[in-house]
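>>> Generate a structure from the sequence data that follows.
(chains A and B)
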2 protein chains.
Amino acid sequence: MYKIRTNRGEIFEANKETLLQILQKHGIYVPTSCGGRGNCGRCKIRILEGKVKSDSFFGISEYEKAEGFVLACQSFPKSDLQIELPAQLITVSERIALAKAELIENIFKTQPSLLSPLVEKLHLKIDPREALADFENLKIAACRTLSISRKLAAELSDFLRQNQWNITLVLSEDEIIDFLSKRLYAVAIDIGTTTVAMALIDLEKGRILDVATCYNSQINYGDDVITRIVFAEENPHGLNVLRKCIVDDINALVNTVLLRHEDGKIYCVILSGNTTMCHLFWGINPKYIRQEPYTPALNYYPVWRASDARLLLEAQIPVYTFPSVAGYVGGDIVSGVLASGLYNNEELSLFIDIGTNGEIVIGNREFLVTASTSAGPCFEGSGISCGMRATQGAVESFKYHRESDSFEIKVIGNVKPQGICGSGMIDIVSELFSNGVIDQKGKLLPDRSRHIVFSQLSRDDSRFIISSDCYITQSDIDNIIRAKAAIYAGVSTLLEEMGISEKELKKVYIAGGFGEFLDVKKAIKIGMLPNFPEERFIFLGNTSLTGAVLCLLSKELWKAANEVAQKMTYIDLSRSKKFMDEYISALFLPHTDWERFK
Amino acid sequence: MYKIRTNRGEIFEANKETLLQILQKHGIYVPTSCGGRGNCGRCKIRILEGKVKSDSFFGISEYEKAEGFVLACQSFPKSDLQIELPAQLITVSERIALAKAELIENIFKTQPSLLSPLVEKLHLKIDPREALADFENLKIAACRTLSISRKLAAELSDFLRQNQWNITLVLSEDEIIDFLSKRLYAVAIDIGTTTVAMALIDLEKGRILDVATCYNSQINYGDDVITRIVFAEENPHGLNVLRKCIVDDINALVNTVLLRHEDGKIYCVILSGNTTMCHLFWGINPKYIRQEPYTPALNYYPVWRASDARLLLEAQIPVYTFPSVAGYVGGDIVSGVLASGLYNNEELSLFIDIGTNGEIVIGNREFLVTASTSAGPCFEGSGISCGMRATQGAVESFKYHRESDSFEIKVIGNVKPQGICGSGMIDIVSELFSNGVIDQKGKLLPDRSRHIVFSQLSRDDSRFIISSDCYITQSDIDNIIRAKAAIYAGVSTLLEEMGISEKELKKVYIAGGFGEFLDVKKAIKIGMLPNFPEERFIFLGNTSLTGAVLCLLSKELWKAANEVAQKMTYIDLSRSKKFMDEYISALFLPHTDWERFK
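Model (predicted):
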């Protein structure tokens, strides 16, 4: 296995994939518009040291070739490499999460008593009594009962004598997980249906050291949880295939962060994800989640081990899993509610997590109710012709000028647009609707703009052209409207069921990968969010990951997370006629009931 | 792998060994005097069904050959076999242990409240609530907190639905070990330095179902614990070699008993053995046990798993290990003290376990002191020219007639003598000494008996001939005297150290493989046991195994065993000058101080 070092200091391991695939796997989005077929010439990177085998140099000049430029999609590593990435490249999801790092650090700086990691170290200087065995001497020095694995028991006697009876234990409750040999690190993992995010944590300092993200490679077997459940159920090895996907993804992420932080060792793992993702990760068939009454195998997971998970860590490392509430409200929402602080508020608040599913929570410190709607993966870039995650090359905002029939776009990284991310989609639909380029049903009106290419053959294929590589089709717009309708209908139904008026809701927390870039006015304009005053909205980003980091660092918060899960009452909208009515009404822009959005 | 069925109903698995080796491995001693070289013609067995490949038919007539007789030592299975063993063959150690079975059954019949196995079953009929996950419904039905392994969690949902929400859990404390599929069995194992014994237990009925024994195959690497420790320390893979020996032995025994009891499954294991044996079994290097201050890695073992032990059982099956007291007083003695009931007596008692080590305990319900002496493995048949375990063909008693210079012997199974077991050795030394055939130092006096063959070359090699295949040498006698001296010196030193007079000792429990056949008068005559009235002696057999069975069946007794270990004070005789003096005095027959044995 070769090592690939980037000019930004990242280190990856190469296997038989192309450089493009390796970089993408580690969340580095190198621009390409041909999908890696070697005929757009855009995924140029420069090899500073080492050898690659390149199958094509399409679009690379002789001068560039002499300088070491190759096409990432056509090049295979043949030695360790030092490579230079295009200058503006930075993964936005990393930026988001690293921003949260400060927030988390501040929590533990201002409330130091809250810092009590799930796994801790304990230094002992043992004064051995002759009549006792080594392990009994250790327990006396620790003043507590302790359990030890066979493996560590076998190493104990030599270790104590070689270190003059000094030892630093890594403890998970009363169990010795390891003898400390490197810095005490841990990872928090958010398993999204579309995206996987991992944060590497220094447990002693209470800090996020690094973040890595990748697509959940289960995507190859279906976009949403239902198709994955069906795949796991209907294929002989389906469950194992999906399990292997996510476990491999996580092992690759762990590898990535550890290569960049070789001074530490991972002694604890915490997982947050929706109910189906957690089942698949643990190799538990989620099939009954799809059948009425939508029952998970378990909501509260024992603390299993890295070896149970097939993670490539020491076998006995504990793996915590966030508890779920129901088949369609998972640990990611529990984690999110924890991270938002909603569960501790006196006033009523609303929490919306917009991912592949849209989950909604209403409550305060007295009660919590929750529901789930199937928004689909479109806001994460999946299922949309030019959809992509909020990374380099994504159109993240869009402004239309009616008079000149022209538009302005903002692209992440200020490069040529490669695709459209969630916030861009909302902007486009909102602007086109406000300016009459689409009607209330979201249908493109070809006579209103020269940018529309109308398809006689299939109206679904009609499109609004943004650039040569980037457009939005009628079918994409319909998808986006269905997604926004699901979210809005969920919120309004839940409010009505609970008899809560919008005035009572003091805060609206928006979570999800694209939360921070969302233009709330435009989201209200298309009828995705309820028409509340703008100042009530608070954008939180990936709260599932944030909550996981918080719990990793605090036994107290982990306890609180379990209490949150216990407290949450799930309301099944799929059986609610009211929800169906609301949904159908919300399939209009912004809604059949204009009054609500005045 | 072929299966071999005997006419007694045992079933063994065949590998590449000879039939003789396979049978011996399973504790069935087929007579042989050539050591399996194929030239004594005595290990005849009959093949009723199946094919064998025989390298020689020495001593088998054409008629016998036609009837299916072969030499066990020269025959290799080539198919499944049905064999007929010689009629009188029964392993005595099995008989001993099976006799104890009744005793144990009676304990639980008379005190039924004591029966609370370490692993129990719990039947549940679940009435699932729709809002809960399957595992949460199960916990509610059980009215308790429970933990579950990943593997079982993955099986739970289907299992519940396939069985109409009826499930029987196998529980070890609060952990679900398995879903009950067969009868609830467990095994108790005594790991002796020389012999391994296993009892298969029906946990529900509180009964011993079967017993199997074999030699500890570590014997190939040394007779006693010290040589094994040295081997583990000085050879690069020594520890692993010894670990594999004992684990393989136990796996073979498990296989043997399970083949005979296919209706059950083993859900729990309990181990009793001396400190070094337990360390080796768990792959923990015992090297510091040999160095002052003789420190074990641990005395109290966590409940590890079958997978940690490399036992071929379900990975999560709990394996309990008896706590040790010190480097040279192990869990076998704790188990023995429990089985004897000494720890519960009001009056003072003495407990002596005569195995490869001789361990001694004095005490009552108030206090327990213990010491260990290195008796060596001679009473178990090792290190003696014609030594053997107390099985078929062993000389178990010996009576000498001075007038006629003749003797009578009793051989187990009433066959031609193959060797001498522990009780036989004590009889021989005692009778020869009483009749002046050996002197006070144990030296053979050639002019006193025509059965002595004197060796000019090496006096050690001089021997008393019992039969063509069976004799005892000067060196054997010296070994036996050293062993009896160690035991006696241990007892007398400990009594003196504690200031206890023999009158105060109301009971003397004798444990060990040969306990039941020991002629106490003769053991006193040679100065092995203190000169107490005969009625105070109680013979208990393998108390290590009995205690292990008791604890497997009773949480209360397991708790008591741990309290016994806590309570026992170890006295190190190896540093005692008094012990050395006693030992040297006890190297005479019966002792330099004749007064003690009047």
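
>>> My guess is A:F69 contacts A:K44. True?
Yes. Look at A:F69 against A:K44 with CB atoms under 8 Å: they come within range, at 5.1 Å. C-betas here are computed from N, CA, C, even on glycine.

>>> Up against chain B, what does the stretch 151-300 of chain A have?
Neighbours of chain B within the stretch 151-300 of chain A, by CB under 8 Å from any CB of the partner chain: A:151, A:153-154, A:156-158, A:161, A:282-285, A:287-288, A:293, A:295-300.

>>> before we move on, back to that, need the residues touching each of A:F69 and A:K44.
The contact sets of A:F69 and A:K44 overlap at A:I60 (CB atoms under 8 Å, 6 or more residues apart in numbering or on different chains).

>>> Give the buried subset of the residues of the stretch 151-300 of chain A next to chain B as a PyMOL selection command.
With 16 or more other CB atoms under 10 Å in any protein chain shown as the criterion, this PyMOL line picks the buried residues out of these:
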select buried, chain A and resi 151+153+154+156+157+282+283+284+285+287+288+295+296+297+298+299+300
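
>>> Tell me which of the residues of the stretch 151-300 of chain A next to chain B fall in helices.
A:151, A:153-154, A:156-158, A:161 (DSSP state H).

>>> for A:I11, phi and psi?
Torsion angles at A:I11 (phi, psi; degrees, to the nearest 10) stand at phi -130, psi 130.

>>> Give the burial count for it, as a bare number.
16 (other CB atoms under 10 Å in any protein chain shown).

>>> Show me where chain A dips below the pLDDT cut-off.
A:27, A:29, A:31-35, A:87-99, A:513-516 (pLDDT under 70).

>>> quick one, longest helix in it?
Criterion DSSP H: the longest helix present in chain A is helix A:474-498.

>>> Point out the other elements, helices or strands, that that helix touches.
strand A:348-354, strand A:358-363, strand A:368-373, helix A:422-434, helix A:577-585 (3 or more CB pairs under 8 Å, 6 or more residues apart in numbering or on different chains; DSSP states H and E).

>>> need the ones you listed in CSV with distance to chain B, can you?
Formatted as CSV, the helices and strands packed on helix A:474-498 follow (distance: least, CB to the nearest CB, whole Å):
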stretch, distance to chain B
strand A:348-354, 21
strand A:358-363, 17
strand A:368-373, 12
helix A:422-434, 31
helix A:577-585, 18
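
>>> Format these as CSV; extra columns: mean neighbour count.
Formatted as CSV, the helices and strands packed on helix A:474-498 follow (neighbours: other CB atoms under 10 Å in any protein chain shown):
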stretch, mean neighbour count
strand A:348-354, 25
strand A:358-363, 25
strand A:368-373, 24
helix A:422-434, 26
helix A:577-585, 16
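
>>> As CSV, these with distance to B:I524 would be great.
Shown next, in CSV, are the helices and strands packed on helix A:474-498 (distance: least, CB to CB, whole Å):
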stretch, distance to B:I524
strand A:348-354, 84
strand A:358-363, 83
strand A:368-373, 80
helix A:422-434, 93
helix A:577-585, 92
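
>>> Tell me if I am right that A:N137 is in a helix.
Yes. Under DSSP: H, G, I helix; E, B strand; the rest coil, A:N137 falls within a helix.

>>> ok, and the closest non-adjacent residue to it?
Leaving aside its sequence neighbours, A:N137 sits nearest to A:P128 (CB to CB, 6 or more residues apart in numbering or on different chains; 4.6 Å).

>>> go on, A:T592?
A:S585 (4.3 Å).

>>> list the contacts for that neighbour?
By CB under 8 Å, 6+ apart, the contact set of A:S585 is A:489, A:591-593.

>>> cool, and A:T110?
Going by CB under 8 Å, 6+ apart, the list of residues near A:T110 is empty.

>>> residue in the stretch 201-350 of chain A nearest to chain B?
Closest to chain B within the stretch 201-350 of chain A is A:L298: 3.5 Å, counting by CB to the nearest CB.

>>> hang on, isn't that residue packed against B:F135?
Yes. The criterion here is CB under 8 Å, and A:L298 meets it with B:F135 at 3.5 Å.

>>> shared neighbours, those two?
Counting by CB under 8 Å, 6+ apart, the residues touching both A:L298 and B:F135 are B:148, B:153, B:156.

>>> The second one against A:N299, yeah?
No. Counting by CB under 8 Å, B:A153 sits too far from A:N299 to count as a contact (11.4 Å).

>>> who touches both of the two?
B:F135.

>>> What are the buried residues along whatever helix or strand A:K559 lives in?
A:K559 is part of helix A:555-567 when elements are defined by DSSP states H and E. For helix A:555-567, the buried set under the neighbour-count rule, 16+ other CB under 10 Å, comprises A:555, A:557-558, A:560-562, A:564-565, A:567.

>>> Need these in TSV (columns: distance to chain B).
What follows is these, written out as TSV (distance: CB to the nearest CB, whole Å):
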residue	distance to chain B
A:K555	18
A:L557	21
A:W558	17
A:A560	19
A:A561	16
A:N562	13
A:V564	16
A:A565	11
A:K567	13
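
>>> ok, back up a step: out of the contacts of A:S585, flag the one nearest to B:P236.
Taking CB to CB as the measure, A:A489 is the one of the contacts of A:S585 closest to B:P236, at 70.0 Å.

>>> if I look at the closest one, how far off is B:S406?
108 Å (CB to CB, to the nearest Å).
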